[in-house]
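Peer 1: Build me a structure from this.
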Amino acid sequence: MARRKNPVGTFFLFLAVAGFAGAAYKFLYVERILDHQTVYTAPAGEIDRLRTACEEALASEPCFVSIPTFNWRAQSKRYRIDVNMTDGCGIPDSKRIATRLSEFVKRSTDGYEAEVSCLILGREVYHYVP
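Peer 2: Residues are numbered from 1 along each chain as shown. From the prediction side, this is the model:
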């Protein structure tokens, strides 16, 4: 009598191999974790300079409170800025501040964009992605 392989076991083995292939594709081809290329990172001095310049530029805004987070995202090659706003402001004020801040950062750097999140009481009200 011939011995047969278990079809359920074969199916699970197929799923394991397909899952490994999918993970390998994602990390090796899409995210390119094995590429050895130099990525531009903004110096800490430039980030501090831009942060103070942005705070000075928005000082006249009645809705502006502070900038708690200002950092560089190397993968997307743009700055990421969080802006705290007062409680009485709304979405139109958030849009105005976000676009103004993004344009200011673009003019102040070598054309790098800025992704801006406007927060009211710690909650994101508007997220601007150029």
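
Peer 1: alpha carbons only for contacts and neighbour counts from here, please
Peer 2: Fine.

Peer 1: how far does stretch 16-30 stretch from start to finish?
Peer 2: Stretch 16-30 stretches 20 Å from its first residue to its last (C-alpha to C-alpha, to the nearest Å).

Peer 1: And for that stretch, what's in contact with it?
Peer 2: For stretch 16-30, contacts defined as C-alpha atoms under 8 Å, 6 or more residues apart in numbering pick out 33-34.

Peer 1: now that stretch: mean pLDDT?
Peer 2: Averaged across stretch 16-30, the pLDDT comes to 92.

Peer 1: same check, this time on stretch 104-122
Peer 2: The model assigns stretch 104-122 a mean pLDDT of 91.

Peer 1: what number of residues lie near Pro7?
Peer 2: When counting by other C-alpha atoms under 10 Å, one arrives at 9 neighbours for Pro7.

Peer 1: swap in Trp72?
Peer 2: Counted with other C-alpha under 10 Å, Trp72 comes out at 19.

Peer 1: Correct me if wrong: it contacts Arg51.
Peer 2: No: contact between Trp72 and Arg51 fails when scored by C-alpha atoms under 8 Å: they sit 11.4 Å apart.

Peer 1: shared neighbours of those two, which are they?
Peer 2: If you check Trp72 and Arg51 against C-alpha under 8 Å, 6+ apart, no residue is contacted by both.

Peer 1: pull the longest strand from the protein.
Peer 2: Longest strand in the chain, counting residues (DSSP state E): strand 64-73.

Peer 1: Strand partners (parallel or antiparallel) of the helix or strand following that strand?
Peer 2: Toward the C-terminal end, the helix or strand that comes next after strand 64-73 (DSSP states H and E) is strand 78-85. Counting by DSSP bridges, the strands paired with strand 78-85 are strand 64-73 (antiparallel), strand 113-120 (parallel).

Peer 1: Pull the number of nearby residues for Ile47.
Peer 2: 15.

Peer 1: again, but for Thr109
Peer 2: Neighbours of Thr109 using other C-alpha under 10 Å come to 11.
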